[in-house]
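> build me a structure from this.
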Amino acid sequence: MNLAIFPEAIRAPTARLLMERALEPHLLIGMPHLTPDGLSETWLMKELGHRHWLMLARDLGMDDADFRTPDGAEAYAAFCATALSNADFAAVEANDVLTIRSTLHPVGRTQTLTRHHLSCGERPIGTVELLSLFVTRSRAGDNRSIMRTALSNRRSAAGVESTLAKTAAALRAGTLRSHFDLATDSAPLSSHRFQPDRLQEFNGAGLFYCVEFQTIASRALASWRPAEDRTIGDRDVFFFGNIDAGETIEAELAAETPNSPTQLCRLKRSDGKTIGVVFSNYRAGRILR
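Modelled structure (predicted):
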């Protein structure tokens, strides 16, 4: 019998060290990172969301991303808005090296913005902004009871100005009349219903995953315009609520430009509340060589 013997001195690295490794700027691209049209937007936004959490923990001097309210309850960095601009994901192929240069900026007293500049070799392929604030549940296991919260170790920096934060606040207040040159109060043109899967589209916190908002918008586009082959150029997503496992989501095509390269999609849960608004600007797709 052969036994594997590990030296006693070899131990797993600390969570803090692993956080630093996870924030390393260079990644070798393989199949998990790709679609037939280049870099996967879904993978990218999950990766950047993970980095956002780790950057928050590092900024707060924490050893891991176990965020807590002053009374010890679990807290989560929930996204208020995300913005993808100037995407050129078709430029990315297997065995390329993707570089992610990230910075963190407080916005006001409660929000945090991370900005991620993406490049492949010397070629810029997009910029992503992620805006978050901390939330907790007022009722255990109820995603409709999500509310803002403070952290026991939250820093008090005054923060910087953020166009994304201002746009999100105006949309929430009902004072934003247009965005991406689309009227925000347009009546729906088409709709499509989705049943999210608890094991596929909810995250480890039990919340409907923020990345799935844009995924549903893309899937809805495929149902509304099945003959079109498009890749994303710019996308702004604004978040206003969440759902519990077992609920359905109604995706509404609320507005679009001629030939549908730019679209506004609203996501509503079963009680009629709008939980997300997705503005998308597409460009013609292509097949990898």
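> tell me the buried residues in the helix or strand bottoming out on mean pLDDT in the chain?
Least confident helix or strand of the chain, by mean pLDDT, DSSP states H and E, is strand 146-148 with a mean of 87. Neighbour-count burial for strand 146-148, counted by 16 or more other C-beta atoms under 10 Å, picks out I146. C-betas here are computed from N, CA, C, even on glycine.
> and that strand, what other elements does it pack with?
strand 123-137 (3 or more C-beta pairs under 8 Å, 6 or more residues apart in numbering; DSSP states H and E).
> can you give me the strands in the stretch 51-200 of the chain?
Per DSSP state E, counting those that start in this stretch, the stretch 51-200 of the chain carries strands over the ranges 76-85, 97-107, 111-120, 123-137, 146-148, 178-179, 182-183, 190-194.
> among those, which is nearest G246?
Nearest of those to G246, taken as C-beta to C-beta: strand 190-194 at 12.6 Å.
> name the helices or strands packed onto the closest one?
For strand 190-194, the packing partners by 3+ C-beta pairs under 8 Å, 6+ apart come out as helix 211-224, strand 249-256.
> just name the most buried of those.
Of the helices and strands packed on strand 190-194, the one with the most neighbours on average (mean count of other C-beta atoms under 10 Å) is strand 249-256, at a mean of 22.
> which helices and strands does it pack with?
Strand 249-256 packs on strand 182-183, strand 190-194, helix 211-224, strand 262-269, going by 3+ C-beta pairs under 8 Å, 6+ apart.
> export the ones you listed to a markdown table and tack on mean pLDDT and distance to F79?
Output for those, formatted as a markdown table (pLDDT from 0 to 100; distance: least, C-beta to C-beta, whole Å):
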| stretch | mean pLDDT | distance to F79 |
| --- | --- | --- |
| strand 182-183 | 96 | 21 |
| strand 190-194 | 94 | 19 |
| helix 211-224 | 92 | 9 |
| strand 262-269 | 96 | 14 |
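> looking at these, which is nearest to V97?
With C-beta to C-beta, the closest approach to V97 among the helices and strands packed on strand 249-256 belongs to helix 211-224: 23.1 Å.
> state the distance from G159 to H105.
Distance, G159 to H105, by C-beta to C-beta, to the nearest Å: 7 Å.
> mean pLDDT for the strands of the stretch 51-200 of the chain: which is lowest?
When those are compared on average pLDDT, strand 146-148 comes out lowest at a mean of 87.
> just checking: what are the partner strands of that strand?
Its sheet considered, strand 146-148 pairs with strand 123-137 (antiparallel) by DSSP bridges.
> and the partner strand, how far out from the chain's middle?
Relative to its parent chain, strand 123-137 has a centroid offset of 6 Å by C-alpha atoms, centre = their mean, to the nearest Å.
> just the buried residues of it, please?
Applying 16+ other C-beta under 10 Å to strand 123-137 flags 125-137 as buried.
> run the angle between it and strand 76-85 for me.
If you take axes from the mean of the first three to the mean of the last three C-alpha atoms, to 10 degrees, strand 123-137 sits at 150 degrees to strand 76-85.
> what angle do strand 123-137 and strand 111-120 make?
With the same axes, to 10 degrees defining the directions, strand 123-137 sits at 150 degrees from strand 111-120.
> just the CA trace of strand 123-137, in PDB.
Extracted in PDB, the C-alpha atoms of strand 123-137 (Å, rounded to 0.1, in the frame of the first residue of the first chain):
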ATOM      1  CA  ARG A 123      -5.700  46.400 -26.500                       C
ATOM      2  CA  PRO A 124      -8.400  47.900 -24.200                       C
ATOM      3  CA  ILE A 125     -11.500  45.800 -24.200                       C
ATOM      4  CA  GLY A 126     -13.800  47.600 -21.900                       C
ATOM      5  CA  THR A 127     -14.400  49.300 -18.500                       C
ATOM      6  CA  VAL A 128     -16.700  48.200 -15.700                       C
ATOM      7  CA  GLU A 129     -18.000  50.100 -12.800                       C
ATOM      8  CA  LEU A 130     -19.700  48.400  -9.800                       C
ATOM      9  CA  LEU A 131     -21.600  50.400  -7.200                       C
ATOM     10  CA  SER A 132     -22.700  48.800  -3.900                       C
ATOM     11  CA  LEU A 133     -24.000  49.400  -0.400                       C
ATOM     12  CA  PHE A 134     -24.300  47.000   2.500                       C
ATOM     13  CA  VAL A 135     -27.600  45.300   3.200                       C
ATOM     14  CA  THR A 136     -29.000  42.700   5.600                       C
ATOM     15  CA  ARG A 137     -32.400  40.900   5.900                       C
END
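> since that was my last question, I'll sign off now.
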